[in-house]
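**Student:** Provided below are the primary sequence and the corresponding predicted coordinates.
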Amino acid sequence: MNIGIVCYPTFGGSGVVATELGLELSKRGHEIHFITYNQPVRLELVSHNVHYHEVNVPEYPLFHYQPYELALSSKLVDMVKLHNIEILHVHYAIPHAYAAYMAKKMLMEEGINVPIVTTLHGTDITLVGSHPFYKPAVTFSINKSDAVTAVSKNLKDDTIRLFDIKNDIHVVPNFIDLDKYNHEFTDCQRGMMASDNEKIITHISNLRPVKRVQDVISVFYNIQKEMPAKLMFIGEGPEKENVERRCEELGIIDKVIFFGRSNEIDKILCFSDLFLLPSLTESFGLAALEAMASGVPVISSNTGGIPEVNINGFSGFLSDVGDVEDMTKNALHILSDANRLKTFKDNARTQSLKFDLHEIVPQYEAIYEDTLTKCLVL
Ligand code: GMT
């Protein structure tokens, strides 16, 4: 198949999933066209069947806001025609599904019918999309898509609860390339980060308020009072300065290593003992899955789609949002006993196997085929 993928090219989970999906589909023989405003961060290699088409928005002083969705829909029209793209898979409703629908209508004028598959990732529904400003456009875009998928059952339920949805929503969970997160990784340079007796706690996110990174600091502060520990803090975002200031105030700054954005999180996760994800909401929690695939148990909040990924008492523990005392208790329970830690590490890896990309990517292929067949009939 000749597939166009539209996504946010940044470090967010939706862009990561879209990129990994495109790369795996290319390995399975499909021709993939990424169409976005920057080369996606995990798209290191453009090969004979992986292409990247940049959307440029010409600056024009009359426009107070430069119209990205207009530029995107025009680019989609051009790329579909130029490369005979058969199907468009757009990640994130705003503005991608909206722009794709406009492109579809323009192409129809020329007798070309290109189906649109929209994948909902969470923030497009729970945080941004349900805002009254965007709600009509998001509802419209979802209802006009030829197929809709959501990354968890919880996100599907939220979408149906928050919007007037006429379309079916297929749950296709996020996935992981288990070979990339091999916990037998031999080049694991733990010794560079911490001494043998120190436990390594890790957090990865875009440090937005929804991630509740202050809870990460609180839990880590409590842990390091009980046992030697280091915190690996990966990511950039609006909460970073507050986090640094709080670590200074608490006197733990020398125990926290800030990595900034990283494309090598597998190398950091391979020496981690515990992963913290205390988010306010999370449609799936791809970062937790990446940790588990590296054999790292997860202490998380019990919210959104996280319980579909992290199994309480098996791959880690779930606590109420903001309950840092419970999170601390659970973290210490896992970390304080070497045998228990080993069991939780093994369980985390076992749980991640359910999200093997070889199982999940064919589900997307089946949706493409089904959607193409339906659109041919129409
Ligand atoms: O969590 C973020 O801030 C990024 C956001 C995104 O849109 O890229 O992540 C969302 O999509 C990921 C991939 O499907 C999910 O794993 C995240 O849970 C989801 N984030 C939220 O729901 C807050």
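**Tutor:** Great, that's in hand.

**Student:** any part of the longest helix anywhere in the chain near the ligand?
**Tutor:** The longest helix of the chain (DSSP state H) is helix 357-377. No: for helix 357-377, no contact with the ligand is found by Cβ under 6 Å from any ligand atom; the gap never falls below 11.9 Å. C-beta here means a position set from N, CA and C on the backbone, and glycine is covered the same way.

**Student:** for the closest residue to residue 145 other than its chain neighbours, the count of nearby residues, please.
**Tutor:** Nearest residue to residue 145 in three dimensions, chain neighbours excluded: residue 118, at 4.0 Å (Cβ to Cβ, 6 or more residues apart in numbering). For residue 118, the neighbour count with other Cβ atoms under 10 Å is 28.

**Student:** circling back: rounded mean pLDDT for the longest helix of the chain, please.
**Tutor:** Per-residue pLDDT over helix 357-377 has a mean of 94.

**Student:** quick one on the thing from earlier: quick check: the residue nearest to residue 145 touching residue 98?
**Tutor:** No: look at residue 118 against residue 98 with Cβ atoms under 8 Å: they stay out of range, at 9.7 Å.

**Student:** joint contacts of these two?
**Tutor:** Here residue 118 and residue 98 share the contacting residues residue 141, scored by Cβ atoms under 8 Å, 6 or more residues apart in numbering.

**Student:** near the ligand, which residues of this protein?
**Tutor:** Residues of the chain found near the ligand (Cβ under 6 Å from any ligand atom) are 12-14, 17, 121-123, 151, 174, 206, 208, 210, 281-286.

**Student:** and those residues, which of them are buried?
**Tutor:** Among the residues of the chain next to the ligand, those classed as buried by 16 or more other Cβ atoms under 10 Å are 12-14, 17, 121-123, 151, 174, 206, 208, 210, 281-286.

**Student:** part of a strand, is residue 149?
**Tutor:** Yes: counting by DSSP: H, G, I helix; E, B strand; the rest coil, residue 149 falls inside a strand.

**Student:** and it, how many neighbours does it have?
**Tutor:** Residue 149 is flanked by 23 other residues according to other Cβ under 10 Å.

**Student:** one more: residue 273?
**Tutor:** Counted by other Cβ under 10 Å, the residues lying close to residue 273 total 22.

**Student:** buried residues of the longest helix of the chain, list them for me.
**Tutor:** Quick answer for helix 357-377 (16+ other Cβ under 10 Å): 357, 360, 361, 364, 367, 368, 371, 372, 375.

**Student:** so what's the second one up against?
**Tutor:** The reference is to residue 360. If you count contacts by Cβ under 8 Å, 6+ apart, then residue 360 has 172, 173, 174, 175 around it.

**Student:** again, only using 10 Å
**Tutor:** Counting by Cβ atoms under 10 Å, 6 or more residues apart in numbering, residue 360 makes contact with 17, 21, 24, 172, 173, 174, 175, 176, 354.

**Student:** ok, the fourth one next?
**Tutor:** Listed by Cβ under 10 Å, 6+ apart, the contact set of residue 364 reads 3, 21, 24, 25, 89, 117, 119, 147, 149, 170, 172, 175.
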